[in-house]
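> predicted model follows, preceded by the sequence.
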Amino acid sequence: MRRQLALTALLLAAAMWQETAAAQTAQGIKPGRWEFTSQMQMPGGAPQLPPGTQLPPGVQMPAGGGMSASHTSCIDPERAVPTDPRPECKIDRMQRSGTTVNWSTTCTTAQGAVRSTGVAQYSGDTMQATLETAIPQVGGRTMTTTQRISGRYLGACTGR
């Protein structure tokens, strides 16, 4: 009888631990408004823009080369992908394991399909990610860029 009670208590404790671990994992990515900032390094440095060209809001070209861009987005833990907010971009695949998210996207452009794959790691109010992007070039070649993305939690989403 004692053995049966001990086994029952052990099974209950194991079940409670699994539920607690699952709840902690689900809470590992905070739902809400996040700001994502990406730093992209380009092979051969940043391209020279024609005189008078205006960069879109949030995009900068630091003196050291490459590009920097920021945007905010409301995310939920099941779709916590820091991806391009433009409508011509879609998420092809997204897989979440705890606080790690792997994804791939395709953006349709006049030059062809721009394909990206990324992995992000959330930790409390911050996130770090790496995104590799294949950009079609003239003559059928592809240029590959790497972006480092950092994210920070801003708070609850508004206007929902």
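Done, it's in.
> from here on, contacts and neighbour counts on C-alpha atoms
OK.
> where does the protein dip in pLDDT?
1-27, 41-67, 83-85, 160 (pLDDT under 70).
> ok, now how distant is residue 97 from residue 78?
10 Å (C-alpha to C-alpha, to the nearest Å).
> what sits in contact with each of the two?
Counting by C-alpha atoms under 8 Å, 6 or more residues apart in numbering, residue 97 and residue 78 have no contacts in common.
> looking at these two, which is more packed in?
residue 78 (14 against 11; other C-alpha atoms under 10 Å).
> excluding chain neighbours, give the residue nearest to the more buried one in space.
Nearest non-adjacent residue to residue 78, counting by C-alpha to C-alpha, 6 or more residues apart in numbering: residue 96, 7.2 Å away.
> please apply the same query to residue 76.
residue 31 (4.4 Å).
> could you do residue 38 as well?
Distance criterion C-alpha to C-alpha, 6+ apart; nearest residue to residue 38, sequence neighbours excluded, is residue 149 at 4.2 Å.
> surely that neighbour touches residue 36?
Yes - with contact defined as C-alpha atoms under 8 Å, residue 149 reaches residue 36; the gap is 6.6 Å.
> returning to what we had before: what residues of the helix or strand encompassing the residue nearest to residue 78 count as buried?
For residue 96, the host element (DSSP states H and E) is strand 89-97. By 16 or more other C-alpha atoms under 10 Å, the buried positions in strand 89-97 come out as 89, 90, 91, 94, 96.
> noted, bye for now.
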